[in-house]
Every structure is written in structure tokens, then in C-alpha cells.
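S.K.: got a predicted structure here, sequence first:
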Amino acid sequence: MKNSFFGAGGPRILTFALMSLAMTVISAPTALAQAKISPDRTLIKLGPIPAAAQFDSTGHLDVDAATRAYLDTVPADKRAASNKYFEGGYWIMLWSALYTVVIALLLLFTGVSKRMRDLAVRLTRYKWIQAWIYFAEFILTSTILSLPWNIYVGFYREHVYNQSHQPFAGWLREQMIGPLVILVFGAIAFATVYTVIRRLLDTWHIWGSVLVVTFQMIAIMIAPVYIAPLFNTYTPLSDPEVTIPVLKMAHANGIKVDKLYEVNASKQTTQISANVSGLFDTTRINVNDNLLHQASIEEIEDGLGHEMGHYVLNHIMKMLCQFALLILIGFCLLRVWLQGMQERWGDKWGTTGAADPAMFPAVVLAYTVMMLFLTPVLNNITRTMECEADMYGLNAAREPDGRAQVALKLGQYRKLEPGPIEEFLFYDHPSGYARIHAAMQWKSENSHTTTGY
């Protein structure tokens, strides 16, 4: 599940337009590698459990006091730094949307989009190939125009906040790989959808939404095997201190895997992550090397218990079903939007209607605006599933203090205690406070079955 317990960065499947497919393809996790990693590391021990988070002589645990005791272990300066980083992300979201809107308008009103379409028409008479050529031109142009902003957000800012140590050359290489992947996989979806629009002018919004959902399912299935190796190395993990308890937990929860995979995510980020991803035969359990170096086995088990919850509770398919409705609504609105834009600006843009690839920047514009306003809705859907997986993980791993301590590690780059409105609007995962409080509540009700204290 890409939307992991750890909230690893990257685009999600919470989308309802064609651009979401391309981003889903390049960001989906997991892959295979053949060489094995020797267990040359020693896992750290679970950190001290605050006195207030331990049972008293009568077997009672004050949940609120235990939660506060854990939160108070974070130094004020570190909390201020993580708050600043995370709150800055709210503005990044807004400015990213505005940047995208400016690029889309620039392509339309300068006639660049029209000229890209005209070039495709001159090169071939086949409509499907014309759409593919236009898409390639669009990806190249938008990649170049967005590079300055991406350098600031994805490279400079991450280094300023000590979230990455990746050299610029390595970062830039991955920025070039992404568009190439989109050209191969995204262009197929793009050309197919535009074929549907061209041939089914009255019902394209219905069939287009069906196609997008279908392509998303395909992307989720093929990405673990064919896409992820372009960005990271996934190697079978042979450390029995990790593999034995985690695989036992997986088997106990009906997940038929016989390996764990370690991903060298430390080359890109200092953040911890893990996931259970893929569908059917491509299902994999992955642990990034930062987690293995920074977390105890209790924390690892709890995090992966959460990820297994996503798999067992079938959250990927549930998400696809829920967002299929949003995608359909989005396509219906898109049809009205494109009709209005064509009537108002079509002559100036040199476009002929929804079936004209030169109108695609208008699609991106609509997509960006809708996604921005739907952020609270999408976050609420995701956060609900994350809460379900949280509870599943607590019951699977039975490590509430592992949950609390890994939540504090996530708090190094995520605001631990947001206000209720802030959490509703901007959080696609439960806050650190919410997770620690839930863990302590679980601990207080399961004193006879928990371990580690």
C-alpha cells in the first residue's frame, strides 16, 4: 500500500483524472533484486518507556498522562523544526497548484499547445499516434518549465530541513527518469482516452473514467516489477531478527509471502518507511533501510502490522472503488468545463473541443483546481483507512510502545499535535498525538496480552 503507515512521499492513487495515472505509475513502490543483504547491522533497542506510560501498582494506566509523557520526550527545538517543515508543506501545496495553473495557461494563451498539436498532425495522419506525439511534447515542455520549482521543493528544501543527503546529480537523474516512464506508460493511457473522447463524444466522460480506473489498476500491478527498479534497489532481506517475526505475523494474518525486501531509500531521504504493495502475485512486503537502521524490532513489527492491515482489509481495492465515483464526477465536471472553455477561449487557443489534444492544458488546469479543493475530502478518506490499519496493526503486532516511539520518529518531519481543523484539512494520516493516544488506549485495555514492559 503506497499510502503507508509512514506516509512516504510521493503521489497517491487518490485521483480522478489522467494525470493521476502517470503519477501513480512513477511513484508506486517495490521491486525485485537478486543479491542478498547480509545482516551486518544490529537493531537498536526499544527506547525507554516513560514512567507515566507504565502501569501503576494497581494495573491502571492513565491514557492521557501516558500520551503526554511520550510527547514531552521531544525537545522543543526539534518539535519547532518539524512543525515548520510540515506547516510549510501547506503553502507548498498551494504554490504548486498555482505554478501548475500558470504553466497550463501559458501553454494555452501563447499558442504553444496548438503548435505542439500541429506538429503532431504534420508528422503523422494517425490520430492515435498524434495524441502520443502531443503527449511527449507536453511532458517535455512541462518538465522543463516545472524544473525550477521542483528543484526548490524536492531538492533544496529537503536538504535545508535535513530530510535528504542525495547529491544533486542523483536527484536530477531521477527527475529525468520519471518523465521517461510517463512517456512509455502514460502516453498509452493518454492516447487511449483521447480515442474514446473522439469516438464517443456524447458519453466519453463515462467511458473515460472507466479507462482511468482500469489503467490505475494495471499501474498498481506492474509497478512493483517494472517501474520501481528504475529508482531503487529492492533486495531480499536475510536478517532473521527481522524476517522471522515479521513473516510469522504475515502468515498469521493470511499474507502469503516468503520474503521481505529492503529498499535503499537512504540514497534519497532520511525518512523511515515500509509498505505492503502490489496486487495478486505482485504483492511484496518492503522495509526501507532507514527504518532498519533507526528503529527497534518492536517499531518495525508495529509499522508492518499496520501495512498488513492495508492488505488484509483490501484498502487498495476499496480506494479504487471509492475514487471511481470521484473520478466519474470529475469527468462529468470536466466535460462541462471543456465545453465552456472551448466556447469562451477556443478561437484564441486554436482548439476544436474536448477531443483536441491541444486542450489538454485545460484538463490539467481543471484537474489541479479540483484536486486542491478536494484535498480535505481525499485526506479524510485516506485518514479513515489509515486509522483502520492502525488498529489492525496494534492487534497484529501487540506493540503499543513500539507504535508510540515510531510515531515520535515520524514526528521528526511531521507535526505531532495539529489543531482539529488543521488535521481535518491537511492530514492524510492520523497525527502523532492521535496515534500515541490510540496506542496508549489499546495498551490500557490489553494489559494482560502486551509485552515489552
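M.R.: Good, I have the coordinates.
S.K.: mind checking what helix or strand follows the helix or strand that contains residue 328 in sequence?
M.R.: Using DSSP states H and E, residue 328 sits within helix 315-349. Using DSSP H and E, the next helix or strand after helix 315-349 towards the C-terminus is helix 360-397.
S.K.: pLDDT of that next one, averaged?
M.R.: On average, the pLDDT along helix 360-397 is 96.
S.K.: how about it: buried residues?
M.R.: 360-368, 370-371, 374-375, 378-379, 381-383, 385-386, 388-390, 392-394, 396-397 (16 or more other CB atoms under 10 Å). Yep, even glycine has a C-beta here, placed from its N, CA and C like the rest.
S.K.: before we move on, what about stretch 409-422?
M.R.: Taking 16+ other CB under 10 Å as the criterion, stretch 409-422 shows 409-418 as buried.
S.K.: now do the same end-to-end measure for that stretch.
M.R.: 21 Å (CA to CA, to the nearest Å).
S.K.: quick one: contacts of that stretch?
M.R.: 6-7, 71, 74, 78-79, 82-83, 85-87, 161, 163, 271-272, 294-295, 299, 407-408, 426-427, 429, 431-433 (CB atoms under 8 Å, 6 or more residues apart in numbering).
S.K.: mark which of these are buried, thanks.
M.R.: 6-7, 71, 74, 79, 82-83, 85-86, 161, 163, 271-272, 294-295, 299, 407-408, 426-427, 429, 431-433.
S.K.: about what we covered before: could you dump the buried residues of stretch 409-422 to JSON lines with distance to residue 334, pLDDT and secondary structure?
M.R.: Output for the buried residues of stretch 409-422, formatted as JSON lines (distance: CB to CB, whole Å; pLDDT from 0 to 100; DSSP: H, G, I helix; E, B strand; the rest coil):
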{"residue": "409", "distance to residue 334": "41", "pLDDT": "96", "secondary structure": "helix"}
{"residue": "410", "distance to residue 334": "36", "pLDDT": "95", "secondary structure": "helix"}
{"residue": "411", "distance to residue 334": "39", "pLDDT": "96", "secondary structure": "coil"}
{"residue": "412", "distance to residue 334": "39", "pLDDT": "94", "secondary structure": "coil"}
{"residue": "413", "distance to residue 334": "35", "pLDDT": "95", "secondary structure": "coil"}
{"residue": "414", "distance to residue 334": "33", "pLDDT": "96", "secondary structure": "coil"}
{"residue": "415", "distance to residue 334": "34", "pLDDT": "97", "secondary structure": "coil"}
{"residue": "416", "distance to residue 334": "38", "pLDDT": "98", "secondary structure": "coil"}
{"residue": "417", "distance to residue 334": "39", "pLDDT": "98", "secondary structure": "coil"}
{"residue": "418", "distance to residue 334": "33", "pLDDT": "97", "secondary structure": "coil"}
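S.K.: tell me which of the residues you listed is nearest to residue 181?
M.R.: residue 413 (26.3 Å; CB to CB).
S.K.: need phi/psi at that closest one.
M.R.: phi -140, psi 20 (degrees, to the nearest 10).
S.K.: from the chain's centre, how far out does stretch 186-196 sit?
M.R.: On the basis of CA atoms, centre = their mean, to the nearest Å, stretch 186-196 sits 24 Å off its chain's mean C-alpha point.
S.K.: list the buried residues in stretch 233-241.
M.R.: Those would be 233-237, 239, for stretch 233-241 by 16+ other CB under 10 Å.
S.K.: restricted to strands, list those.
M.R.: Counting by DSSP state E, the buried residues of stretch 233-241 place 234-236 in strands.
S.K.: out of those residues, flag the one nearest to residue 438.
M.R.: Distances from residue 438 to those, taken by CB to CB, are shortest for residue 234, at 31.0 Å.
S.K.: ok, now which ones touch the closest residue to residue 315 other than its chain neighbours?
M.R.: Spatially, and ignoring its direct neighbours in sequence, residue 315 is nearest to residue 385 (4.9 Å; CB to CB, 6 or more residues apart in numbering). Shown in contact with residue 385 (CB under 8 Å, 6+ apart): 3, 310, 313, 315, 318-319.
S.K.: any chance of the residues you listed in CSV, plus neighbour count, distance to residue 254 and pLDDT?
M.R.: Converted to CSV, the contacts of residue 385 look like this (neighbours: other CB atoms under 10 Å; distance: CB to CB, whole Å; pLDDT from 0 to 100):
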residue, neighbour count, distance to residue 254, pLDDT
3, 25, 21, 46
310, 26, 13, 93
313, 16, 11, 94
315, 22, 15, 91
318, 14, 17, 92
319, 22, 20, 90
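S.K.: which residues does the host helix or strand of residue 293 contact?
M.R.: Assigned by DSSP H and E, residue 293 belongs to helix 289-294. Under the contact criterion CB under 8 Å, 6+ apart, helix 289-294 has outside partners 6, 41, 43-44, 237, 239, 242, 262-266, 269-274, 299-300, 303, 409.
S.K.: tell me the helices and strands packed up against the helix or strand just after it.
M.R.: Remark: after helix 289-294, the chain's next helix or strand is helix 297-312, criterion DSSP H and E. For helix 297-312, the elements it packs on are helix 240-252, strand 274-277, strand 284-288, helix 289-294, helix 360-397, helix 400-410, judged by 3 or more CB pairs under 8 Å, 6 or more residues apart in numbering; DSSP states H and E.
S.K.: nearest to residue 119, out of those?
M.R.: Of the helices and strands packed on helix 297-312, nearest to residue 119 by CB to CB is helix 360-397, at 14.3 Å.
S.K.: quick check: angle from the closest one to helix 297-312?
M.R.: 120 degrees (axes from the mean of the first three to the mean of the last three CA atoms, to 10 degrees).
S.K.: now do helix 360-397: distance to the chain's middle.
M.R.: Helix 360-397 sits 9 Å away from the centroid of its parent chain (CA atoms, centre = their mean).
S.K.: can you list phi and psi of residue 263 for me?
M.R.: Dihedral angles for residue 263 - degrees, to the nearest 10 - are phi -110, psi 140.
S.K.: flag the shaky bits of the stretch 1-150 of the chain, pLDDT-wise.
M.R.: For the stretch 1-150 of the chain, applying pLDDT under 70 flags the ranges 1-41.
S.K.: mind listing the helices for it?
M.R.: 18-27, 63-71, 76-109, 112-123, 127-150 (DSSP state H, counting those that start in this stretch).
S.K.: quick one: end-to-end length of stretch 53-60, please.
M.R.: 10 Å.
S.K.: one step back: so which of the helices of the stretch 1-150 of the chain is the most packed in?
M.R.: Highest mean neighbour count among these (mean count of other CB atoms under 10 Å): helix 18-27, with a mean of 23.
S.K.: what comes up buried for stretch 160-179?
M.R.: 161, 163-164, 166, 171, 174-175, 178-179.
S.K.: what's near enough to touch residue 86?
M.R.: With contact taken as CB under 8 Å, 6+ apart, residue 86 is in contact with 413-415.
S.K.: ok, now how distant is it from residue 192?
M.R.: 38 Å (CB to CB, to the nearest Å).
S.K.: what about stretch 405-423, how long is it end to end?
M.R.: 20 Å.
S.K.: circling back: for residue 202, state which of the buried residues of stretch 233-241 is nearest.
M.R.: residue 234 (45.7 Å).
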